[in-house]
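>>> Next input, structure requested:
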Amino acid sequence: MTNTPEVEAVSRPRQVEQIVVGKETSDGAGVKLTRVLTGSLQRRLDPYLMLDAFGSDDPDDYIAGFPDHPHRGFETITYMLAGNMRHRDSAGHEGLLGNGGVQWMTAGRGVIHSEIPQQEEGVMEGFQLWLNLPARDKMCAPWYRDFGPADLPRYTTAEGVAVTVIAGVSHGVSGAVTRDATAPLYLDIHLPAGTRFAQALPSGHNAFVYVYRGEADIAGRAVPSQRMAILANDAQSDGVVIEAKGEARVILVAGQPLGEPIAQYGPFVMNTQEEIHQAMADYRDGKLGAIA
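Numbering: from 1, shown residues only. Take a look at the predicted model:
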């Protein structure tokens, strides 16, 4: 789905506040990954709760996948750069996420799901982003949708920068998903050598850039590959400008902070400890994944 973009002018670009190195870890049944956005950054990058980057051509690093596990109170966005993963959940949803596809799941009041690789060799690479739900929506009905590459809006700037709009609106192009409360913006940006990309951002939104190929330059600061740049919040800034001396690929993520309490215990993210205790009890009693 290719679109004709509008020009977005950014006259006062944001600076880089901090460069973050992710933590190597494993999750599920031993899938190796890098946790880039950790719990210590949840307040700073509200409404986002977590970002995992995964990528390996060694099947031992991913083959066991993520067997049945619960979620409540937030949304998961899985973007697959390469590989195939099958999703099944207790709400009756099933789908195959492949190269260049996105899986968007709203856990809401509760869902139990699995994500299992459908390959025994080759590269598996991508990201999983956790997006918080406002208190009023945390107990909503679960929702799920797969977006194939052809379902994701794309455009190319006059300089040849190719942009995939997973969520939000960029240069007049609306993404696959929009959300009123959190106003998520999620872009995959491929910059040829010697190009720049400007994206307008509301000054009150939290934002970060993760470089997954090459090196990017943001406001004169070099951001190496496999690093996340947290963009400074400045009431006078109107966006971000990303430049690349060599070819670079990055994701740009921004959103409107909820400003609500965050109570988390593993796969449950609510507003109070009482709600966490209830989620644990519901899971223990077999109620969390029940279809109302």
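
>>> Tell me the secondary structure at Met280.
Following DSSP: H, G, I helix; E, B strand; the rest coil, the label given to Met280 is helix.

>>> ok now do it, which residues does it touch?
Neighbour list for Met280: Tyr265, Phe268 [criterion: CB atoms under 8 Å, 6 or more residues apart in numbering]. C-beta coordinates here come from the backbone N, C-alpha and C atoms, glycine included.

>>> Relative to Gly126, how far out is it?
From Met280 across to Gly126, the span is 29 Å (CB to CB, to the nearest Å).

>>> Output the below-cut-off pLDDT ranges for the stretch 151-292 of the chain.
Along the stretch 151-292 of the chain, segments meeting pLDDT under 70 span 290-292.

>>> can you give me the strands for it?
Secondary structure of the stretch 151-292 of the chain (DSSP state E, counting those that start in this stretch): strands located at 154-156, 162-167, 169-170, 173-174, 185-191, 195-200, 206-213, 216-218, 221-223, 227-231, 239-244, 248-255, 263-265, 268-270.

>>> which one of these lies closest to Lys287?
Set against Lys287 and scored by CB to CB, the strands of the stretch 151-292 of the chain come closest in strand 268-270, at 13.2 Å.

>>> residues in contact with that closest one?
Residues from elsewhere that reach strand 268-270, judged by CB under 8 Å, 6+ apart: 49, 70-74, 130, 132-133, 138, 262-264, 276, 279-280, 283.

>>> returning to what we had before: now tabulate the strands of the stretch 151-292 of the chain in TSV and tack on distance to Gly101 and mean neighbour count.
Listed next are the strands of the stretch 151-292 of the chain as TSV, based on distance: least, CB to CB, whole Å; neighbours: other CB atoms under 10 Å:
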stretch	distance to Gly101	mean neighbour count
strand 154-156	13	16
strand 162-167	10	22
strand 169-170	19	20
strand 173-174	18	16
strand 185-191	12	23
strand 195-200	23	20
strand 206-213	17	22
strand 216-218	24	22
strand 221-223	26	16
strand 227-231	23	23
strand 239-244	24	21
strand 248-255	15	24
strand 263-265	28	16
strand 268-270	25	24
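
>>> Make JSON lines out of these and add distance to Leu81.
Shown next, in JSON lines, are the strands of the stretch 151-292 of the chain (distance: least, CB to CB, whole Å):
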{"stretch": "strand 154-156", "distance to Leu81": "15"}
{"stretch": "strand 162-167", "distance to Leu81": "11"}
{"stretch": "strand 169-170", "distance to Leu81": "19"}
{"stretch": "strand 173-174", "distance to Leu81": "20"}
{"stretch": "strand 185-191", "distance to Leu81": "8"}
{"stretch": "strand 195-200", "distance to Leu81": "19"}
{"stretch": "strand 206-213", "distance to Leu81": "8"}
{"stretch": "strand 216-218", "distance to Leu81": "17"}
{"stretch": "strand 221-223", "distance to Leu81": "19"}
{"stretch": "strand 227-231", "distance to Leu81": "16"}
{"stretch": "strand 239-244", "distance to Leu81": "18"}
{"stretch": "strand 248-255", "distance to Leu81": "9"}
{"stretch": "strand 263-265", "distance to Leu81": "27"}
{"stretch": "strand 268-270", "distance to Leu81": "26"}
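
>>> Out of those strands, which gets nearest to Arg12?
With CB to CB as the criterion, Arg12 lies closest to strand 239-244 of these, at 7.8 Å.

>>> who does the closest one touch, helix- and strand-wise?
Judged by 3 or more CB pairs under 8 Å, 6 or more residues apart in numbering; DSSP states H and E, the packing partners of strand 239-244 are strand 185-191, strand 195-200, strand 206-213, strand 216-218, strand 248-255.
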